[in-house]
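Undergrad: Just need the structure, nothing else, for what follows:
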Amino acid sequence: MKQTKSSFKWRHFEPSLILLCVRWYCRYQLSYRDVEEMMHERGLDVDHSTVFRWVQRCAPEINKRIRQHLKMSGTSYRVDETYIKVGKSCKYLYRAVDKSGQTIEFMLSAKRDVSAAKRFLRS
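TA: Numbering: from 1, shown residues only. Take a look at the predicted model:
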């Protein structure tokens, strides 16, 4: 994410710190309190609700900008379909996996039908 002054206007912390916290939260599946604790160990007093607001504001923009630079997978991939319980209802999870076992993309669907699978494969 290009660090312009307008992107982080009125922010108390440095843009590099905000992006680091958002990256750690999204990449390593940490909780907001985990990120808060890690920043506290480094001498910075950041509240978990502040990290939450940063993630809500920055993560969609980072995702939009980085998608175009991700490494394309090979031509060989497999599609995996299973159902999982989300809340009180079951959902269908479609996953595209490359030959090395890395997840390329996934989709959660309420229905198991041909149109859902085709929609996933088009993406």
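Undergrad: who are the neighbours in contact with residue 80?
TA: Listed by Cβ atoms under 8 Å, 6 or more residues apart in numbering, the contact set of residue 80 reads 94-97. Using the backbone N, CA and C atoms, a C-beta is placed for each residue, glycine as well.
Undergrad: List of residues touching the longest helix along the chain?
TA: In the chain, assigned by DSSP state H, the helix with the most residues is helix 48-66. Applying Cβ under 8 Å, 6+ apart, the contact partners of helix 48-66 are 1, 18-19, 21-23, 25-26, 31-33, 35-36.
Undergrad: Which entry within the residues you listed corresponds to the minimum pLDDT?
TA: Across the contacts of helix 48-66, the smallest pLDDT goes to residue 1, namely 48.
Undergrad: Mind listing what's buried along the host helix or strand of residue 97?
TA: Using DSSP states H and E, residue 97 sits in strand 89-98. For strand 89-98, burial by neighbour count (16 or more other Cβ atoms under 10 Å) applies to 91-92, 94-98.
Undergrad: okay if I get the contacts of helix 48-66 as CSV plus secondary structure and neighbour count?
TA: Supplementary listing: the contacts of helix 48-66 in CSV, determined by DSSP: H, G, I helix; E, B strand; the rest coil; neighbours: other Cβ atoms under 10 Å:
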residue, secondary structure, neighbour count
1, coil, 16
18, helix, 24
19, helix, 17
21, helix, 24
22, helix, 21
23, helix, 16
25, helix, 20
26, helix, 14
31, coil, 11
32, helix, 19
33, helix, 11
35, helix, 24
36, helix, 21
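Undergrad: now, among those, which is nearest to residue 108?
TA: Using Cβ to Cβ, residue 26 comes nearest to residue 108 of the contacts of helix 48-66, at 17.5 Å.
Undergrad: quick one: that closest one from residue 61, how far?
TA: 12 Å (Cβ to Cβ, to the nearest Å).
Undergrad: from the chain's centre, how far out does the strand holding residue 97 sit?
TA: Between the centre of strand 89-98 and the centre of its chain there are 16 Å (Cα atoms, centre = their mean, to the nearest Å).
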